[in-house]
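**Student:** Quick check, what structure comes out for this input:
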Amino acid sequence: MPLPLSILDLATVAKGETVGQALEASTTLAQRAEQWGFRRIWYAEHHNMSSIASAATSVLIAHVAARTERIVLGSGGVMLPNHSPLQIAEQFGTLAELHPGRIELGLGRAPGTDQETVRALRRDPRASEQFPQDVQELQAFLGNDTLVPNVHAYPGRGTGVPLTILGSSLYGAQVAAALGLPYGFASHFAPDALEQAVALYRREFRPSAQLAQPHVLAGVNVIAADTEEEARTVLQETQRSRVRLLTGRRGRSLTDAEIDALLDGPAGEQVRTMTRFSAVGTPETVARRLEELTARADADELIVTVPAPRRESWWRSWELLATKVQGAG
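**Tutor:** Predicted coordinates:
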């Protein structure tokens, strides 16, 4: 691969698993990823989703960091409108003091959930309007200054935890460029504005104390298998799983025939549109596709997620990506 690869682990709870088993799989992945030579792992904040176990992102990072030695760990991301900047500075400042040089902080503007859950989080739905100011307040807390008179983050102050702005629109690109921060685009599920947003980010980037040159990370789905046929089978399973989520029918047992009928309609088209930034096939096919997607995204780095719903397919994708595509021993 011409570019280094990182991992976005959604801490997915596979069918038949407990949350504890899913988190153990994520921990094991991090340990193996460290041996395979991946650059980093990020965990995403989602709420009110029974299939994702990374809601308490900083807690999961702490658990994994204590069980690994070198790999960089961070959020991909913390949804800042759900929190106060001071709380996040304290949490990630604590992590940085415990694991120096291994912690970073990706920040998103979306809530990562529905509006009812936003209310349950006791946050103002309008909090996202203050996103750029909140990022600057957080950055100051993690530095040697503060934008809130007489208030400092302990722990946090002086740790300089590096920040990345995450997004899937021109807005996030503008914020990242104005603040001189890396920009991570969520092309693994919302690729529509990818090229336009990256071009805007590179054009308007202003160097900062953290970053002298623009740096783009692009999210990509990978399903790798030993044969093309097997990879397509896993892709079909993944698409069926996505349709169940989109149609909100997880409480009812739908047959594969019913799901496939939905895949032929608007729900299926939405799934295919959302996941078109994907590399599916044998390791050779995946490698070629990743090179194509890197060029299309004008990316400095790819951050990979494996959406395979069955744990065995999930593991095989990571193994093949590491050993056959990335070339790990």
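**Student:** How confident was the prediction at Thr117?
**Tutor:** pLDDT for Thr117: 87.
**Student:** helix, strand or coil for the residue nearest to it when sequence neighbours are not counted?
**Tutor:** Excluding its sequence neighbours, the residue lying closest to Thr117 (Cβ to Cβ, 6 or more residues apart in numbering) is Asn48, at 4.3 Å. Every residue, glycine included, has its C-beta placed from N, CA and C. Recorded secondary structure, Asn48: coil (DSSP: H, G, I helix; E, B strand; the rest coil).
**Student:** which residues touch Asn48?
**Tutor:** Neighbour list for Asn48: 113-114, 116-117, 120 [criterion: Cβ atoms under 8 Å, 6 or more residues apart in numbering].
**Student:** Which PyMOL command selects the buried ones in those?
**Tutor:** One line in PyMOL is enough to select the buried ones among those; burial here means 16 or more other Cβ atoms under 10 Å:
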select buried, resi 113+117
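**Student:** Among the contacts of Asn48, list the two that are farthest apart in space.
**Tutor:** Asp114 and Ala120 (9.7 Å; Cβ to Cβ).
**Student:** Stretch 207-219: which residues count as buried?
**Tutor:** Of the residues in stretch 207-219, 210-211, 214-219 count as buried by neighbour count, 16+ other Cβ under 10 Å.
**Student:** I misspoke; the intended subject was stretch 128-143.
**Tutor:** 128, 131, 134-135, 137-143.
**Student:** same check, this time on stretch 145-154
**Tutor:** For stretch 145-154, burial by neighbour count (16+ other Cβ under 10 Å) applies to 146, 153.
**Student:** Show the end-to-end separation of that stretch, please.
**Tutor:** End-to-end distance for stretch 145-154, by Cα to Cα, to the nearest Å: 12 Å.
**Student:** Can you tell me what sits against that stretch?
**Tutor:** With Cβ under 8 Å, 6+ apart as the test, stretch 145-154 has contacts from 86, 89-90, 93, 136-137, 140-142.
**Student:** which regions of the stretch 151-300 of the chain lie under the pLDDT threshold?
**Tutor:** Within the stretch 151-300 of the chain, the segments meeting pLDDT under 70 span 246-253.
**Student:** For it, which segments count as helices?
**Tutor:** For the stretch 151-300 of the chain, applying DSSP state H, counting those that start in this stretch gives helices covering 170-179, 194-204, 228-247, 256-263, 266-274, 283-297.
**Student:** so which of these gets nearest Thr68?
**Tutor:** helix 283-297 (24.6 Å).
**Student:** I'd like to know which elements the helix or strand following the closest one is packed against.
**Tutor:** Following helix 283-297 in sequence order, the next helix or strand is strand 301-305 (DSSP states H and E). Judged by 3 or more Cβ pairs under 8 Å, 6 or more residues apart in numbering; DSSP states H and E, strand 301-305 is in contact with strand 5-9, strand 216-224, helix 283-297.
**Student:** which residues touch the residue nearest the centre of the chain?
**Tutor:** Geometric centre of the chain, nearest residue: Gly76, 3.8 Å, by Cα atoms, centre = their mean. Gly76 makes contacts with 8, 42-44, 106, 166, 184, 303, as judged by Cβ under 8 Å, 6+ apart.
**Student:** hmm, back to that, go through the contacts of Asn48 and name the one nearest Gln35.
**Tutor:** Nearest to Gln35 among those, with distances taken as Cβ to Cβ, is Thr113, at 34.0 Å.
**Student:** How many residues are close by the residue nearest to Ser187 when sequence neighbours are not counted?
**Tutor:** Leaving aside its chain neighbours, Ser187 sits nearest to Phe277 (4.2 Å; criterion: Cβ to Cβ, 6+ apart). Per other Cβ atoms under 10 Å, the neighbour tally for Phe277 reads 22.
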